[in-house]
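Peer 1: Below are the sequence and a predicted model for it; my questions follow.
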Amino acid sequence: MEGGGGAPPAVLEENESRCVPAASRGADGSKRSSWGFLFTGIVGGTLVAVYAVATPFLTPALRKICLPFVPATTKQIENVVKMLHCRTGSLVDIGSGDGRIVIAAAKAGFRAVGYELNPWLVWYSRYRAWREGVQDSAQFYISDLWKVTFSQYSNIIVFGVPQMEFIIVDFMQVS
């Protein structure tokens, strides 16, 4: 190479009527495949997605007091709405999960709010409220129950597991 310096241009070789740059060939002269990179990317992306979805559901089990998501049954929701029958004012559901109780209360005429730690459940609750047509009277927030003031609510619902009984008793004494 006279006068120019720099790298020589890629050499193309004829292989099965296709031109392939020599740089894309393996040490043994065979064409390299990008399937390995594609497979690794798909597996890696899938693992990240599974981690992102599963983490909010699994982390409550790692707390000192385990508070798992347990959806309310239709009968339990009917009982809550029946207990609210003669009551008025705003309502808050602590640990609202997928929003079943908040949506039922909003349909019964309450301004209802749900607080939940799991962001996936909050987003799903908001979607369900929109689908049921109560998005204006049912609101959902991602928050820890220990960081929220409940004084503006006249009806407080704590629906859950036996570990939550001490919270129910404390709220009953406040009202």
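Peer 2: All right, it came through fine. None of these values were measured; they are calculated from a predicted model.
Peer 1: Please make it C-alpha for all contacts and neighbour counts, starting now.
Peer 2: Noted.
Peer 1: Now do the helices in this structure.
Peer 2: All helices of the chain, identified by DSSP state H, fall at 35-58, 74-83, 100-107, 119-132, 165-174.
Peer 1: Please spell out which residues along the second one are buried.
Peer 2: Translated: helix 74-83. Residues of helix 74-83 classed as buried by neighbour count (16 or more other Cα atoms under 10 Å): 77, 81.
Peer 1: wait, isn't Ile156 in contact with Thr88?
Peer 2: No - the criterion here is Cα atoms under 8 Å, and Ile156 misses it with Thr88 at 11.8 Å.
Peer 1: So which of these two has more stuff around it?
Peer 2: Ile156 (19 against 12; other Cα atoms under 10 Å).
Peer 1: can you list the weak-confidence ranges in the protein?
Peer 2: 1-32, 56-67, 160-175 (pLDDT under 70).
Peer 1: Swap in 50 and give it another go.
Peer 2: For the chain, the stretches with pLDDT under 50 are 164-175.
Peer 1: quick one on the thing from earlier: quick check: which of the helices of the chain is nearest to Gln152?
Peer 2: Gln152 lies closest, by Cα to Cα, to one member of those: helix 165-174, at 13.0 Å.
Peer 1: Give the buried residues for stretch 138-155.
Peer 2: 138-143, 155.
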